[in-house]
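[1] Here is my input; please provide its structure:
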Amino acid sequence: MTGQHSTAISFLQPKYQEWQADMEFVPTNINPVNEALENHMKTFAIYVDDKVAKDPVPFQEFGARLLRRQPQLDLILNVFTEVLDRMWDLYDPLAASTILNSTLAFVTGCCIEPELENLPRIQGVERFSWYI
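    Just a heads-up that it's a prediction; the model follows:
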């Protein structure tokens, strides 16, 4: 194990333990909308959006590696796949599937965004989805 990986793991371990502890508590008196889980999803979204332009490969490979149960190319993505695995423990199957599909669509969209500047401009196009 390299020094960089050791440092990353020591940084992630407390966060991962905190995430695991948060995932254990799901209120039974409400539909399982877990505030801690929502915060983790937001943190993941910010991380992906910030990092993908600097190093797109781990994010471009995220979906394929998730489906193949392969380790991710980014340590944070490894932790997040474990969070995604827990969705079926916390939500009904339709909701869990929607969360997974939305996550994959979000990551894909973040991978596309930096490439938009490289697209050739087409004369005469009146509308473009600049919200991307």
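[2] What does Gln70 show for phi and psi?
    phi -100, psi 150 (degrees, to the nearest 10).
[3] That one and Asn78, how far apart?
    Distance of Gln70 to Asn78, computed by C-beta to C-beta, to the nearest Å: 10 Å. Using the backbone N, CA and C atoms, a C-beta is placed for each residue, glycine as well.
[4] Settle it for me: which of those two has more neighbours?
    Asn78 (16 against 11; other C-beta atoms under 10 Å).
[5] what are the ranges of the helices in this structure?
    Remark: helices assigned in the chain by DSSP state H are 3-24, 35-51, 57-60, 62-67, 75-85, 87-90, 93-112.
[6] ranking these by mean pLDDT, which is last?
    Looking at the helices of the chain, the lowest mean pLDDT belongs to helix 3-24 (a mean of 52).
[7] show me what contacts Gln60?
    Cys111 (C-beta atoms under 8 Å, 6 or more residues apart in numbering).
[8] Give the buried residues for stretch 104-114.
    Across stretch 104-114, burial judged by 16 or more other C-beta atoms under 10 Å covers 107, 110-111.
[9] could you measure the closest residue to Leu84 other than its chain neighbours against Phe80, distance?
    Among residues not flanking Leu84 along the chain, Leu100 sits closest, at 6.0 Å (C-beta to C-beta, 6 or more residues apart in numbering). In this structure, Leu100 and Phe80 are 11 Å apart, going by C-beta to C-beta.
[10] In terms of neighbours, single out the busier of the two.
    Phe80 (23 against 16).
[11] which ones are touching the more buried one?
    Applying C-beta under 8 Å, 6+ apart, the residues near Phe80 are 40, 44, 72.
[12] from the residues you listed, which is closest to Arg121?
    Checking these against Arg121 with C-beta to C-beta, the nearest one is Phe44 at 33.1 Å.
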